[in-house]
Every structure is written in C-alpha cells, then in structure tokens.
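*Asks:* Please find the sequence and the predicted model below.
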Amino acid sequence: MSIQKMHIDGSWIEAKSQATRKIINPSNQELIATVAEGNEEDAVLAIRAARKTFDQGSWASTPANLRGKLIYKIAELIERDKSELAHLETLDTGKTLIESKGDMEDIAEVFRYFAGLADKNAGEMIESPIPNSISKVVREPIGVCALIMPWNYPLLQAAWKIAPALAAGNTIVMKPSEITPLTTIKITELIEEVGVPKGVVNLVLGAGSTVGQAMADSQLVDFISFTGGIETGKKIMCAASGNVKKIALELGGKNPNIVFADSDLDVAVDQALNAVYFHAGQVCSAGARLLVEDRIHDWFVEQLVKRVKRIKLGNGFDQDTESGPMISAEHRLKVEEYVAIGKKEGAKLIIGGERPKDPALQNGFFYLPTIFTECTSNMRIIQEEIFGPVLTVERFSSEEEVIKLANDTIYGLAGAVWSNDLAKAERVASQLRMGTVWINDYHPYFAQAPWGGYKQSGIGRELGKSGLDEYTETKHIYQNTKPEPMNWFK
Ligand SMILES: NC(=O)c1ccc[n+]([C@@H]2O[C@H](COP(=O)([O-])OP(=O)(O)OC[C@H]3O[C@@H](n4cnc5c(N)ncnc54)[C@H](O)[C@@H]3O)[C@@H](O)[C@H]2O)c1
Ligand SMILES: C[N+](C)(C)CC=O
C-alpha cells in the first residue's frame, strides 16, 4: 500500500522523519491506508510556507470574485467525486454510507455558499460625525489560519473552515484528526486540481500533541480555528496567548432534548432516537439528555426501548446497517467507563450497557444503544459529554423546572423543544443558553445559519455570514477630505 502524503508549499511530501501511521476501519480493524506521520518539524515547514505565501500578497489581493469562482469549482469537483469521498469517509469513521453521502452533499453546499459570499463582504460606509471626512469599514483577511479538525465529521468540519478561510483571502495550514485523514487528503488534491496557488493550502498529518500543538504555539500563525474536545480547546487557548492569536473554538455539548406532553409524541419518540443514536452518538450536538414531562415519562421510555431493541448495528457499507461502531478501542473504553459511572451514581440502566454479542461485530468497536432512567442533574453522566450511544432520561413537571435543568451544565451547544403549544416552545427556546435551538425537530444545520456554542461549548461561529467574518480583520479607514492645521501646539 503506498504512503499517502502531506501537502506543503505545493509539493506532496513524506514526513521529514519518514514516520508513517496505519489507518484502520473501526468496523473491522482492517488496514485501509498508510499515511505520512508528520511532527513539529513538518508543521513548521507548512506554517512557513503559508506565512511566505500570505506575506507575498497575491492571494489576498486576488479579486474576491475570482477566489469565489475557484471555491465554486471545488464544490463542482466534490460533486464529481462524491461517491469516492463518501466511500473514504465511511471507511475511515465507520458511519453509514448514506450518512457519508449526506455529508458530501452538505460539504458541496458549504463551498457553494462561501463561493457566493466571497465578493459580498467588502465592508460598509459609515456616517462620519466629523464634517469633511469619509469613513469606511473594510474586511481584510487575517493572515495564516491554522485549521484543526476532529474525527467524527472529518471532511464536513474541514469544509466549514477551508471554504470561508479561502473566500476571505487567507492562507491555511490544516490538520485533520490523525485517525481520519483520508477525505482531507483527497480534498487537498481537489483544491490543487482547481488551481489554488501553491502555498495557499497546506496539509500536515500527525498527532495533536505534536503537529497540533506546534500550530497552536506558532508565532507565525494569526488565527486558529479548532473543532474538538473541551480539554484540547483549553490547551489551544493557552498556547494561542503566546502571540495573542485569534481563536475560534467549536467544542463539545451535553444537549437537552425537551419533550412536553402536548407534543406529537410518535414523532418525538422517533426523533429522540435519531437525536442521540445518529452516528452512534458521536455527534457534538447529540440529544443525549432527554428531558420528558412527568406524566408521559413511562409511556415515552417504553416506546423508546421497543425501538432501541431493533437498532441494527453493522458495517457502514451494509445496506441494512442503521448505526456504526465507536471510532476506536480507546473511545469505546471511555463510553464503557461512563456507563459504569452511571450505574454507580444510581441511574437505572434499562437497556444496552454492553458490547453486542453478535459474532459478526466482534472485530469492530461496537457498543449497544443504551438508556439510563432515574437520572438527576448532579450525576456525571448528565454533566459530562459521553460522545457515544448513551441516552440519559430525566423528568420534569413545569416550564420553569425544565429550563433550569436544561441550562444546568457547563455546555451550551444545542437543544430541542417538542410541543404543539408554539408560544410555550418559543418561550422555552428563548431561555435556553445554547447556540442552536430546534423546535419540533432535531439536528438540522445548513450553510446559511450560524453554528457554535454558548458557555464552554465554544467561542465564535462557523457557517452563515458570521462564519466568513471569523476569517477577517475589521479595519476602519478614515479620510479627512479638507485637511487643515489644528494649531494646538503654538
Ligand atoms: N462544536 C462542534 O461543532 C463540534 C463538531 C464536531 C466535534 N466536536 C467535538 O469534538 C470532540 C471529538 O473530537 P476529537 O476526539 O477528535 O477531539 P480532540 O480534542 O481529541 O481532537 C481534535 C483535534 O485536535 C487535535 N489535538 C489534540 N491535542 C492537541 C493539542 N494539544 N494541540 C492542538 N491540537 C490538538 C487532534 O489531533 C484532532 O485533530 C467532541 O468533544 C465533540 O463534541 C465539536
Ligand atoms: C456540527 N455537526 C453537527 C455537523 C457535527 C458535530 O459533531
């Protein structure tokens, strides 16, 4: 199997140390690729290339509509190669092929959206309060952007960063998760194919503790956009202080899915399953915390259990698979530890809580969909992100109580409210301290709407117009049209 390489200053290269990493399919642990394993030295080379290219200036001064056209062409190549990309994403993450195909549609749309926005962010004229003056605000690229991505949506999370960074005229150094690099390598090929100039997009492969940390530490990087876990986010924030680089952090969540008794209950049951078990719960916005109104609690849980028993785990390429594996052996262990904690804390395990016994699943990192009831908000399984197929259920009996419960974590990424009383649903939504709230739905996100977290779920926003603004500096240019001496100093 040939070694897949990094892309630095327009060349495809192996790691300076010649190190490599084996990439495995989490559904069966088969070897799917061998990739270059960079370290700090390679990160520095890539950062220097991005710095030199930015400072030389031709990319930032390329007319925004031409940058937009190139970004649009990337979207077209994603459409052209979407089957191959989806195949790679399923191999790498274990998610079902249908999910990966959906991701590729979303990714192409993100490139189209930012392509369209590229030449519509010139800035604005200001009504200057000073006579004989012109005041305008312009948006300029920040400079060298370091983009660090997680493993759960490898290319989608990369796309949310690459497209706006290029639209705004920055140069970039990107690092996918070391365990899921394949689609990011492939999109770098597509970016090269459309003719983005060399040095604008650089790809370094390797671990977070080496490559990622070097990117966060570098004095040559102006902005770091990170998606991943809260503890890594804190390290990046500390490192960024070294040269006061700007940061955007998209971190974890512990997202409440609130069901009132007056909702359309069959839909709410169905969507509660989707909210938490989609991609085996490895979704930042997973509805892992179900809050159910007391008087429907027992019926609701009964319906969930009936459906959970039927969830079909398997290889993402099998047509009847509904949910794939955990990403790695380590991650499954973490989920198992949380299940043990939940039992110790007194939550009632009513289904799952173990690995599947199906012989066909023994080589993958599978874990059964799990439900805990009798949960209370002081429990760690309520407060901490498990990031697996584990649903916790809490009861509530009033609007005030559920708002308090839902907000009672350090996170603030997303949440949902189910009710046919839309005034009530709106009242509750307005009180939730979260970046996204869905009413009578769960999970929709799209290029046009901003995404990000309140509280410790993050800093900044991706997607939408604010997702482009993150990649710009704001400059006020003031012109005196009738300069005269002030005669302040005699
Ligand atoms: N808010 C969102 O939109 C969003 C989206 C997807 C995932 N997530 C979060 O991501 C997490 C899961 O992803 P993960 O396990 O890959 O997260 P992680 O924090 O372990 O790793 C994310 C990335 O950071 C790198 N990294 C690790 N240590 C680093 C360091 N010291 N310096 C710089 N980079 C470093 C990793 O190599 C990887 O590329 C979950 O918490 C999930 O909620 C959030
Ligand atoms: C942001 N999102 C929902 C696509 C992936 C979160 O893990």
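*Replies:* Ah, there it is. Quantities reported herein were computed from a predicted structural model and do not represent experimental measurements. Ligands and ions are numbered 1, 2, ... in the order given.

*Asks:* Would you mind measuring from the residue most central in space within the chain to ligand 1?
*Replies:* The chain has Q157 as the residue nearest its centroid, 4.5 Å off, counting by Cα atoms, centre = their mean. Q157 is 6 Å from ligand 1, where distance means Cβ to the nearest ligand atom, to the nearest Å. For the C-beta atoms, the positions are set from N, CA and C on the backbone; glycine is no exception.

*Asks:* Provide the secondary structure category for that residue.
*Replies:* The three-state label given to Q157 by DSSP: H, G, I helix; E, B strand; the rest coil is helix.

*Asks:* Now do the same contact list for it.
*Replies:* Q157 makes contact with 149-150, 227, 250, according to Cβ atoms under 8 Å, 6 or more residues apart in numbering.

*Asks:* Of the residues you listed, keep whichever come out buried.
*Replies:* Neighbour counting over the contacts of Q157 (16 or more other Cβ atoms under 10 Å) leaves 149-150, 227, 250 as the buried ones.

*Asks:* now these as CSV including pLDDT and secondary structure?
*Replies:* Output for these, formatted as CSV (pLDDT from 0 to 100; DSSP: H, G, I helix; E, B strand; the rest coil):
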residue, pLDDT, secondary structure
M149, 98, coil
P150, 98, coil
T227, 98, strand
E250, 98, strand
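
*Asks:* Of the contacts of Q157, which ones also sit close to ligand 1?
*Replies:* 149-150, 227, 250 (Cβ under 6 Å from any ligand atom).

*Asks:* May I see the residues you listed organised as JSON lines, with distance to H331 added?
*Replies:* Supplementary listing: those in JSON lines, determined by distance: Cβ to Cβ, whole Å:
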{"residue": "M149", "distance to H331": "16"}
{"residue": "P150", "distance to H331": "11"}
{"residue": "T227", "distance to H331": "16"}
{"residue": "E250", "distance to H331": "19"}
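
*Asks:* tell me the contacts of P256?
*Replies:* Contacts of P256 by Cβ under 8 Å, 6+ apart are 287, 289-291, 405-406, 415-416, 432.

*Asks:* partner residues bridging it?
*Replies:* Beta-bridge partners of P256, counted by DSSP bridges, are R289.

*Asks:* I'd like to know how far it sits from ligand 2.
*Replies:* Taken as Cβ to the nearest ligand atom, the span from P256 to ligand 2 is 16 Å.

*Asks:* same deal with F278?
*Replies:* As for F278, its distance to ligand 2 is 9 Å (criterion: Cβ to the nearest ligand atom).

*Asks:* And the pLDDT for that residue?
*Replies:* pLDDT recorded at F278 is 97.

*Asks:* so where's the longest helix in the protein?
*Replies:* Longest helix in the chain, counting residues (DSSP state H): helix 97-117.

*Asks:* for the stretch 301-450 of the chain, what spans make up the strands?
*Replies:* With strands called from DSSP state E, counting those that start in this stretch, the stretch 301-450 of the chain shows them at 348-351, 370-373, 390-396, 414-418, 436-439.

*Asks:* Export the fourth one to CSV, keeping only CA atoms.
*Replies:* By that I understand strand 414-418. The C-alpha trace of strand 414-418 is given here as CSV (Å, rounded to 0.1, in the frame of the first residue of the first chain):
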residue,chain,number,x,y,z
ALA,A,414,-27.6,22.9,21.1
GLY,A,415,-31.0,21.7,22.3
ALA,A,416,-34.6,21.0,21.2
VAL,A,417,-38.1,21.7,22.4
TRP,A,418,-41.1,19.5,21.4
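
*Asks:* Spell out whether that strand and ligand 2 are in contact.
*Replies:* No. Using Cβ under 6 Å from any ligand atom, strand 414-418 stays clear of ligand 2, coming no nearer than 7.9 Å.

*Asks:* Just give the strands next to that strand in its sheet, each with its orientation.
*Replies:* Partners of strand 414-418 in the sheet, by DSSP bridges, are strand 256-259 (parallel), strand 436-439 (parallel).

*Asks:* and among those strands, the most buried is which?
*Replies:* Each of the strands paired with strand 414-418 was scored by mean neighbour count; the highest is strand 256-259, a mean of 27, by mean count of other Cβ atoms under 10 Å.

*Asks:* so how far is it from its chain's centroid?
*Replies:* 22 Å (Cα atoms, centre = their mean, to the nearest Å).

*Asks:* Give me the mean pLDDT for that strand.
*Replies:* 99.

*Asks:* dump the residue contacts of N202.
*Replies:* 7-9, 46-47, 49-50, 171-174.

*Asks:* Show me those that map onto helices.
*Replies:* Short answer: the contacts of N202 in helices (DSSP H) are 46-47, 49-50.

*Asks:* Let me see the backbone angles for the nearest residue to P197 once chain neighbours are set aside.
*Replies:* Excluding the flanking residues, the one nearest P197 by Cβ to Cβ, 6 or more residues apart in numbering is W59, at 6.0 Å. Main-chain torsions, W59, degrees, to the nearest 10: phi -70, psi -50.

*Asks:* W59 - how many residues pack around it?
*Replies:* 19 (other Cβ atoms under 10 Å).

*Asks:* before we move on, back to that, show me the two of the contacts of P256 that sit farthest apart.
*Replies:* Greatest spatial distance among those (Cβ to Cβ): L290 and L432, at 15.0 Å.

*Asks:* Which one's more surrounded, those two?
*Replies:* It is L290, of L290 and L432, that has more neighbours when counted by other Cβ under 10 Å, with 27 against 22.

*Asks:* The helix or strand encompassing K161 to helix 97-117, inter-axis angle?
*Replies:* Using DSSP states H and E, K161 maps to helix 154-167. Following axes from the mean of the first three to the mean of the last three Cα atoms, to 10 degrees, one obtains 10 degrees for the angle between helix 154-167 and helix 97-117.

*Asks:* follow-up on the earlier one: and the contacts of Q157, which is closest to T93?
*Replies:* For the contacts of Q157, the nearest to T93 is P150 (10.5 Å; Cβ to Cβ).

*Asks:* Understood, closing this out.
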